[in-house]
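Colleague: Sequence first, then the predicted structure, then my questions.
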Amino acid sequence: MRLGNALFLLRKHWRFHWASWLIVALLVAVSAFVIALIGGATRAVNAALREWSSDIFPPTVLTVRPATEDFSLFGFQLAVPQTQIMRETIDQIAVMPEVERLFPVVVLTFPTHAEATFMGEGFGTDAVVAGIDLPLVRSELASPEQFVPVDWLGGQRVPVLLSSYFVDLYNLMYAQTISAPALSEQTVLGFEFDLSIGESVLGGSLARGPRSRVRCRIVGLTRNPQLLGVTIPRQTVEEMRRWYEERTGIRPTSACSYAFVEIGDTGQIDSLRERLAVMDLLAESPPHVGRLSTLERLLSLTSAVLQAVILGLTLFGCFCLMALQMENRRPSLVFLHVSGVPGPIIRRLMVGEAGIVVAIASALGTVAALVLLNRSLVALTRILPVSVPTPELTPLMMVLTGAVTLALLIGAVTLVAVAVVAAQLRGVGRRPVE
Amino acid sequence: MNSDSAIRIQSLTHTHPGESAPLLESLELTLATGELLTITGPSGAGKTTLLNLIAGLLVPNRGSIRVMDREMTSLSASDRARWRGRVIGYAYQDTRLLPQLDVQTNVAWPLLFGDHSRREALRQAQRLLARLGLEALASHRPTTLSGGEQRRVALARALAGHPPLLLVDEPTANLDDEAAASVLDLLRQVRRELHTTVLVVSHHREVLELCPTPLTLRGGRLSPLREGAMA
């Protein structure tokens, strides 16, 4: 058959049976819309969770801290026998065969107060200041080269990585309390404030030592819940500690509060734990990793079940509509059969007729869903708290979601069309003219 | 083998699936090229089944059916369809014209599934309608035609591919005398002007007058119709 004739016949067939094809097209388009929406949203959320999880809780990075006795019945834990990890211990851990990299976390062991001026008003709060190494937070910094030790005594601004939970705390509650505007991540970056070391509002009389004012600038925000507070380069914290200890006569130490240990692979966790237990140290995987992984699986499963149900309902609907249409077209099929038009030509033409309708409807539904989802996610990014991972629909995700949706719908509905047409043609062949 | 035979049937036996008694048994028929033959018989005698077997729409249990020198029983379903498309025009009882198309496109419709371009198919349909005196109906929709006109258009559609053999099932069923006469005139014209071999089955008396030696189908076999049998 000539292509021009085939197109002419298809046009005529669509016109003859427009109502039936319109319902099929609407059904398929809505189905494609919902399937693509669910698929795209699941992919975006899962990718955000995975990225968040791998950035903040890489499974090969463990937290090493002193062993504690659990007195949770009384509401507290006791550190036994030490609250800090000594320099010698750090050196021993660093040479363990499982350990690839070690990042000690050093905390200021004296009161510190943060003060800032915002919209003409002065704000202040006590702060916990921790010092860490750049490689551990590199992924959370827009310009990692800024996170380096500086001459803070000479008045240079200390780069600060601030917990994004502070920003959320401010945006979600405190901003309303003081009738101030909410802050975006971009607004916070570059914000400057002063750290008054040796001073405390909350600690009151605890602050009795030497005092100094350190100028700081926020260069990044972190969602890592283990870095709550003000995080600055470790070397700077150690310098501050030395400065303070020299003026108070306390014997200087180079102990750290805890350390992040990076191992080669997760299979080495148990052997490392055994070695550290001998030294009264605990190696912990962040508990969120397991929960996030479960959440991701649950989300994927729910999404797949929903998509399967929608696809099943669509196929059933298409089957009923096509079967009804084929029954109505039986006389013309009988005529073509009697006229000597070979079955394969009739079959190809009718399946093509269904396939083109389904392909166009699926494409429209899928594109509409992806455009809407993309816009919704962009809008969501603006209103979600800074500390929450924001799902993003990347071009790859769009292509993947679109391809899966189109393959599922076009493949499955066309198969239904093939089955319905074949059944009708068999029937025509058995009882050609009565 | 007689190569002048349009149809040659030998020892044809056919039983419908699920039935024990054969509908056609040891049936013999020879129809020479260019002849017009009418077959009569009571309802359920197997007239339409015989046409379906000749057209290759059904396959007999036993026997040989040669149509235009081709053994139909040894062909595959798709080969039978192709052969049917080339050599047989089949006008069955129910006209089944497509109501959405005009008469000309209805006649051209089967040609569009072949190698004709749309323009050629429409031109060929127009020529055929003109030759059969139906050109005035070309632009009409089938729903606006009378029963007799619909039947004549259906005959024209069966002839669209210029088949050398035309099978016609009950051409005058449900038609009044005048309409039936116009259909029979058309059949005579087809034989005379297109030199088409025509096989008509019907139980109407006026149809039997189309040929001098009509046959009757009874008990699964064909025999000459006795004088006055249909009176």
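Modeller: Received, thanks. These numbers come from a predicted model, not from an experiment.
Colleague: In contact with whatever residue of chain B ends up closest to chain A: list those residues for me.
Modeller: Taking CB to the nearest CB, chain A has its nearest neighbour within chain B at B:Gly85, 2.4 Å off. To be clear about C-beta, it is placed using only N, CA and C from the backbone, and glycine gets the same treatment. If you count contacts by CB atoms under 8 Å, 6 or more residues apart in numbering or on different chains, B:Gly85 has them with A:339-342, B:110, B:114, B:161.
Colleague: can you tell me how far the most centrally placed residue in chain B sits from B:Lys47?
Modeller: In chain B, the residue lying closest to the centroid (CA atoms, centre = their mean) is B:Leu167, at 1.5 Å. B:Leu167 sits at a distance of 11 Å from B:Lys47 (criterion: CB to CB, to the nearest Å).
Colleague: Which strands or helices does the longest strand along chain A pack on?
Modeller: Ranked by residue count, the top strand of chain A under DSSP state E comes out as strand A:212-222. When contacts are defined as 3 or more CB pairs under 8 Å, 6 or more residues apart in numbering or on different chains; DSSP states H and E, strand A:212-222 packs onto strand A:158-163, helix A:164-169, helix A:185-188, strand A:192-197, strand A:230-233.
Colleague: Between these, which one is closest to chain B.
Modeller: Relative to chain B, the nearest member of those by CB to the nearest CB is helix A:185-188, separated by 62.5 Å.
Colleague: how distant is that closest one from the center of its chain?
Modeller: Mean C-alpha position of helix A:185-188 versus that of the full chain (CA atoms, centre = their mean, to the nearest Å) differs by 20 Å.
Colleague: repeat for stretch A:94-106
Modeller: Averaging C-alpha coordinates over stretch A:94-106 and over its chain gives two centres that are 28 Å apart (CA atoms, centre = their mean).
Colleague: buried stuff in it?
Modeller: When burial is assessed from 16 or more other CB atoms under 10 Å in any protein chain shown, stretch A:94-106 yields the following buried residues: A:96, A:98-99, A:102-106.
Colleague: Now the phi/psi pair for B:Ser139, please.
Modeller: Recorded main-chain torsions at B:Ser139 are phi -90, psi 0, according to degrees, to the nearest 10.
Colleague: Let me see the contact set for it.
Modeller: Listed by CB under 8 Å, 6+ apart, the contact set of B:Ser139 reads B:102-104.
Colleague: JSON lines please, covering the residues you listed and showing secondary structure and neighbour count.
Modeller: Written out in JSON lines, the entries for the contacts of B:Ser139 read as follows (DSSP: H, G, I helix; E, B strand; the rest coil; neighbours: other CB atoms under 10 Å in any protein chain shown):
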{"residue": "B:Asp102", "secondary structure": "coil", "neighbour count": "16"}
{"residue": "B:Val103", "secondary structure": "helix", "neighbour count": "27"}
{"residue": "B:Gln104", "secondary structure": "helix", "neighbour count": "23"}
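Colleague: which phi and psi does residue 131 have?
Modeller: Went with chain A since none was named. Backbone torsions of A:Gly131, given as degrees, to the nearest 10, read phi -110, psi 130.
Colleague: Surely it and A:Glu238 touch.
Modeller: Yes - with contact taken as CB atoms under 8 Å, A:Gly131 and A:Glu238 are classed as touching, separated by 6.5 Å.
Colleague: Put the alpha carbons of the lowest-mean-pLDDT helix or strand in chain B into CSV.
Modeller: The helix or strand of chain B with the poorest confidence is helix B:205-208; it has a mean of 82 (mean pLDDT, DSSP states H and E). C-alpha atoms of helix B:205-208 as CSV (Å, rounded to 0.1, in the frame of the first residue of the first chain):
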residue,chain,number,x,y,z
ARG,B,205,-37.5,-16.4,-9.9
GLU,B,206,-36.5,-13.3,-11.8
VAL,B,207,-32.9,-13.8,-11.1
LEU,B,208,-33.0,-17.4,-12.6
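Colleague: tell me what it is packed against?
Modeller: The criterion is 3+ CB pairs under 8 Å, 6+ apart, and the helices and strands that helix B:205-208 contacts are strand B:36-40, helix B:177-194.
Colleague: Try it again at 6 Å.
Modeller: In terms of contact count using 3 or more CB pairs under 6 Å, 6 or more residues apart in numbering or on different chains; DSSP states H and E, helix B:205-208 is assigned the packing partners strand B:36-40.
Colleague: So which residues make contact with the strand it packs on?
Modeller: By CB atoms under 6 Å, 6 or more residues apart in numbering or on different chains, the residues outside strand B:36-40 that reach it are B:31, B:191, B:198-201, B:203, B:207-208, B:210-211, B:214-217.
Colleague: in chain B, which ranges drop under the pLDDT threshold?
Modeller: When the per-residue scores of chain B are filtered using pLDDT under 70, the ranges that remain are B:1-3, B:226-231.
Colleague: Tell me the residues of it that contact chain A?
Modeller: By the rule CB under 6 Å from any CB of the partner chain, the part of chain B lying against chain A is B:52, B:57, B:78, B:81, B:84-85, B:90, B:92, B:96, B:100, B:110, B:112-113, B:118.
Colleague: can you pull out the strands in the chain?
Modeller: By default, I'm working from chain A. Listed in chain order (using DSSP E), the strands of chain A are A:61-66, A:68-71, A:76-79, A:99-107, A:112-118, A:121-126, A:129-132, A:158-163, A:192-197, A:212-222, A:230-233, A:258-263, A:281-284.
Colleague: wait, I meant chain B there
Modeller: Under the criterion DSSP E, chain B carries strands at the ranges B:5-14, B:24-32, B:36-40, B:62-67, B:70-71, B:88-91, B:165-169, B:197-201, B:215-218, B:221-224.
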